[in-house]
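# how would this look folded up:
(one chain, ligands or ions: 1)
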Amino acid sequence: MQLEIQNLEVHYGRVRVLHGASLTLGDKPLAVVGRNGMGKTTFCHGIMGLASVTAGTITLDGLPLHGLAPHRVAAHGVALVPQGRRLFQSLTVDEHLKLAHRGKGSWNRERIYDTFPRLAERRQNLGAELSGGEQQMVAIARALLSNPRLIIMDEPTEGLAPVMVEQVVKVLQKLVQEGNALLLVEQNLGVALAVADEVAVMLNGVFERRVTADVLRRDPELQQRLLGVATQG
Ligand SMILES: Nc1ncnc2c1ncn2[C@@H]1O[C@H](COP(=O)(O)OP(=O)(O)OP(=O)(O)O)[C@@H](O)[C@H]1O
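Below is the predicted model of the structure:
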């Protein structure tokens with residue numbers, strides 16, 4: 001899998017939010033970090049066809065994705081786990097998974113329940129009855145069931161209790177070990193460093209810097225400078 005994004009621009013009305021964002025991604029997991037409002041969600045939406053791209057190119061293994069409708073981008077093998085999870089309140093876990101299953105590949109409900117034992121226990125519970133962490137597991141499972149070539153996750157640990165953050169991190173690490181291509185948007189630098197090999201820093205609608213997780217992990221001063229936060233310990 002090779003995703004290449006060049007000089008991406010996205011406007012909301014007359015306001016330009018992405019100012020020529022460029023990024024390449026192969027099979028190694030990459031995290032996108034940056035302070036609030038820098039354009040991370042807009043970047044995800046631009047790739048998925050959910051925000052209209054006014055300039056620049058996006059290709060997946062050489063095939064252009066820019067200008068395609070979201071369902072066409074999904075059909076090319078890109079899955080988004082959206083910020084805020086977006087489950088149906090009145091559908092059960094099992095119903096969510098049934099709806100999401102498509103495409104050829106090894107992800108089916110059985111494999112999901114093996115990977116997420118908690119979801120197997122909660123399979124008859126409604127979306128509204130799940131904890132934030134369980135909802136996030138369903139949102140991730142739903143993306144996997146489309147058997148994607150690339151998964152984009154927008155702040156999967158946002159608003160979760162620390163114990164649930166740890167569980168989500170374990171799931172993401174497992175997905176990476178199994179060879180799934182992952183673009184992870186994260187405000188939580190500890191999570192980004194625990195999952196990704198490299199980190200791209202978004203500042204005011206462009207990628208300002210790309211560093212290896214190792215370099216960033218060992219340099220609290222750089223963390224502070226790029227993000228205004230430092231990981232603890
Ligand atoms: N639908 C929209 N219409 C107009 N402006 C928007 C829209 N969505 C986002 N914006 C603006 O675009 C900018 C970038 O927002 P975006 O959500 O992409 O940032 P972000 O880095 O993901 O931030 P956060 O971490 O807070 O979600 C912000 O100034 C935001 O207010």
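# for the residue most central in space within the chain, name its beta-bridge partners.
When CA atoms, centre = their mean is applied to the chain, the residue found nearest the centroid is M153 (1.2 Å). Here M153 sits in beta bridges with V81, L184, going by DSSP bridges.
# which bits of the chain sit near the ligand?
The interface of the chain toward the ligand, taken as CB under 6 Å from any ligand atom, is made up of Y12, V17, G34, N36, G37, M38, G39, K40, T41, T42, Q187. Every C-beta, even on glycine, is put in place using the N, C-alpha and C of the backbone.
# secondary structure and pLDDT added to the residues you listed, as CSV?
Listed next are the residues of the chain next to the ligand as CSV, based on DSSP: H, G, I helix; E, B strand; the rest coil; pLDDT from 0 to 100:
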residue, secondary structure, pLDDT
Y12, strand, 94
V17, strand, 96
G34, coil, 91
N36, coil, 89
G37, coil, 92
M38, coil, 93
G39, coil, 96
K40, helix, 97
T41, helix, 97
T42, helix, 98
Q187, coil, 89
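# of those, select the buried ones using a PyMOL command.
The buried residues among those can be selected in PyMOL (16 or more other CB atoms under 10 Å) with this line:
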select buried, resi 17+34+38+39+40+41+42+187
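# about what we covered before: how close does the residue nearest to the centre of the chain sit to H19?
The spacing between M153 and H19, counted by CB to CB, to the nearest Å, is 24 Å.
# could you do V191 as well?
26 Å.
# so which of these two has more stuff around it?
Higher neighbour count among V191 and H19: V191, with 24 against 14, using other CB atoms under 10 Å.
# what residues are up against the residue nearest to that one when sequence neighbours are not counted?
In space, and not counting its chain neighbours, V191 is closest to T157: 5.2 Å by CB to CB, 6 or more residues apart in numbering. With contact set as CB atoms under 8 Å, 6 or more residues apart in numbering, T157 has these partners: Q136, M164, V165, V168, V169, E186, N188, V191.
# now with 7 Å, please.
V165, V168, E186, N188, V191 (CB atoms under 7 Å, 6 or more residues apart in numbering).
# again, but for K40
V32, G34, V185, M202.
# and what of L3?
T24, L25, L60, L150.
# and the closest residue to G228 other than its chain neighbours, how many residues sit next to it?
Spatial nearest neighbour of G228, chain neighbours left out: R35 (6.4 Å); criterion: CB to CB, 6+ apart. R35 is flanked by 15 other residues according to other CB under 10 Å.
# now E121
12.
# tell me how far it lies from M137.
11 Å.
# all set now, cheers.
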